[in-house]
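**Q** coords please:
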Amino acid sequence: MQATSPQEAPIQLVRNTAPAAASGAGTQRWQVAQIEALFALPFPELLFRAQTVHRANFDPTEVQLSTLLSIKTGGCAENCSYCPQSAAHDTGVEATALMKVDEVLAAARQAKAAGATRFCMGAAWRGPKDRDIEKVSQLISAVKGLGMETCATLGMLGDGHAEALRDAGLDYYNHNIDTAPDKYADIVQTRQFEDRIDTLQRVRGAGVKVCCGGIVGMGETRTQRAALIAELANMEPYPESVPINHLVPVEGTPLHGQAPLDPFEFVRTIAAARITMPHTRVRLSAGRQALGDAVQALCFLAGANSIFYGDKLLVTGNPDVSADQVLLETLGMKAA
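**A** Numbers count the residues shown, from 1 in each chain. Predicted coordinates for the structure are as follows:
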């Protein structure tokens with residue numbers, strides 16, 4: 001994809017007003033050069049534009065709280081360079097069996113008591129088998145019975161899997177595209193970018209909402225960060241939930257030792273996601289601990305309005321609940 005310079009690309013502020021916008025459909029197809037031009041704006045101007053879009057579609061003082069639980073850890077056959085759960089990397093993560101219903105319910109009840117409204121369940125599979133779908137469906141139904149929104153991330157789905165999860169009560173399926181298409185092979189070699197798109201199409205076809213984002217700070221260029229946002233924003237419709245992860249470089253993974261992304265560049269990525277996807281929940285995901293409170297506050301100003309809530313994200317650290325409660329109170333913000 002040929003990108004023009006930021007000066008040549010017109011910048012358009014998107015406000016979805018058509019009926020299709022309610023389902024997350026965009027009103028234009030974003031070019032990578034247009035999103036690069038957003039990244040290149042003076043920081044105050046970019047945040048102003050992002051906050052303007054944000055206020056037109058959400059209460060800017062509200063943050064949606066999600067909790068993520070690893071229901072089956074480690075031993076994954078994929079070789080994702082960022083992931084400590086890959087069997088290809090020596091990270092000290094021990095493979096575990098799928099959790100029992102009562103164990104998952106206990107964690108979900110705890111999350112709900114702490115204020116989370118969505119409970120996400122992640123399993124380290126390349127793709128689940130039919131029998132795995134049956135077991136996870138039981139977990140989904142149990143959590144749904146608590147009155148929480150449900151989300152699952154289980155890898156690549158096969159025929160009938162999305163429909164079975166939907167029938168069990170699944171609200172969202174998470175399947176990140178990770179990075180720009182031309183960066184993908186540098187990060188993962190056991191699957192292709194199009195494999196991710198195939199599963200996302202299965203999820204959409206079953207009528208399940210899509211949670212799809214990526215990871216920044218993996219050595220990609222700004223153009224590739226813009227291309228990641230473009231891929232997400234140009235989905236028809238774009239995802240209802242977009243998690244933006246800041247790389248956590250875990251010892252034993254190929255990306256351990258990767259130089260950290262400039263925090264202002266991370267904020268710019270959040271702002272670009274908000275401007276190009278006005279109706280989505282933009283979620284601060286992995287890496288919040290390294291960002292600190294001040295950068296997280298800038299992310300909220302840039303349009304982030306969801307966080308993963310709890311002291312662990314699958315197998316990596318996360319700010320504890322009390323720290324998040326203090327931060328939101330300090331900022332005068334509240335749970336959605």
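
**Q** Specify the strand with the largest residue count in this protein.
**A** In the chain, assigned by DSSP state E, the strand with the most residues is strand 62-72.

**Q** Quickly run through the sheet partners of that strand, with directions.
**A** Strands that pair with strand 62-72, judged by DSSP bridges, come out as strand 118-123 (parallel), strand 306-308 (parallel), strand 334-335 (parallel).

**Q** Which helix or strand lies directly C-terminal to that strand?
**A** Next helix or strand after strand 62-72 toward the C-terminus (DSSP states H and E): helix 101-113.

**Q** Only C-alpha atoms, please: export that next one in CSV.
**A** Below are the C-alpha coordinates for helix 101-113, written out as CSV (Å, rounded to 0.1, in the frame of the first residue of the first chain):
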residue,chain,number,x,y,z
VAL,A,101,-17.1,-24.5,36.0
ASP,A,102,-17.0,-23.7,39.7
GLU,A,103,-13.5,-22.3,39.5
VAL,A,104,-14.5,-19.9,36.7
LEU,A,105,-17.7,-18.9,38.4
ALA,A,106,-15.8,-18.0,41.6
ALA,A,107,-13.5,-15.8,39.6
ALA,A,108,-16.5,-14.2,37.7
ARG,A,109,-18.3,-13.5,41.0
GLN,A,110,-15.2,-11.8,42.4
ALA,A,111,-14.8,-9.7,39.3
LYS,A,112,-18.5,-8.7,39.4
ALA,A,113,-18.2,-7.7,43.1
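
**Q** what packs against that helix?
**A** strand 62-72, strand 118-123, helix 130-144 (3 or more CB pairs under 8 Å, 6 or more residues apart in numbering; DSSP states H and E). For every residue, glycine as well, the C-beta is placed using N, CA and C.

**Q** Compute the number of surrounding residues for the nearest residue to residue 195 once chain neighbours are set aside.
**A** Of all residues not flanking residue 195 in the chain, residue 156 sits nearest, at 5.9 Å (CB to CB, 6 or more residues apart in numbering). Neighbours of residue 156 under the rule other CB atoms under 10 Å: 17.

**Q** can you pull the contacts of residue 156?
**A** 126, 127, 175, 191, 195, 196, 198, 199 (CB atoms under 8 Å, 6 or more residues apart in numbering).

**Q** farthest-separated two in these?
**A** 126 and 198 (13.4 Å; CB to CB).

**Q** Tell me which helix or strand residue 197 sits in.
**A** helix 193-205.

**Q** How about stretch 250-262, which residues are buried there?
**A** Across stretch 250-262, burial judged by 16 or more other CB atoms under 10 Å covers 250, 253, 254, 255, 261.

**Q** returning to that earlier point: only the buried subset of the contacts of residue 156, as a ChimeraX command please.
**A** Per 16+ other CB under 10 Å, the buried members of those correspond to this ChimeraX selection:
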select :127,175,191,195,196,199
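
**Q** would you list the contacts of residue 156 in JSON lines and tack on distance to residue 81 and pLDDT?
**A** Shown next, in JSON lines, are the contacts of residue 156 (distance: CB to CB, whole Å; pLDDT from 0 to 100):
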{"residue": "126", "distance to residue 81": "15", "pLDDT": "92"}
{"residue": "127", "distance to residue 81": "19", "pLDDT": "95"}
{"residue": "175", "distance to residue 81": "18", "pLDDT": "97"}
{"residue": "191", "distance to residue 81": "13", "pLDDT": "92"}
{"residue": "195", "distance to residue 81": "16", "pLDDT": "95"}
{"residue": "196", "distance to residue 81": "15", "pLDDT": "94"}
{"residue": "198", "distance to residue 81": "21", "pLDDT": "96"}
{"residue": "199", "distance to residue 81": "20", "pLDDT": "97"}
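
**Q** and which of the contacts of residue 156 is nearest to residue 244?
**A** The shortest approach to residue 244 among these belongs to residue 175, at 15.0 Å (CB to CB).

**Q** re the thing from before, tell me the one among the contacts of residue 156 nearest to residue 38.
**A** Distance to residue 38, by CB to CB, is smallest for residue 196 among the contacts of residue 156, at 24.2 Å.

**Q** So that closest one is in contact with residue 175, correct?
**A** Yes. Counting by CB atoms under 8 Å, residue 196 touches residue 175, with 6.1 Å between them.

**Q** Show me which helix or strand of the chain is least confident by mean pLDDT.
**A** Here the helix or strand of the chain ranked lowest by mean pLDDT, DSSP states H and E is strand 312-313, holding a mean of 52.
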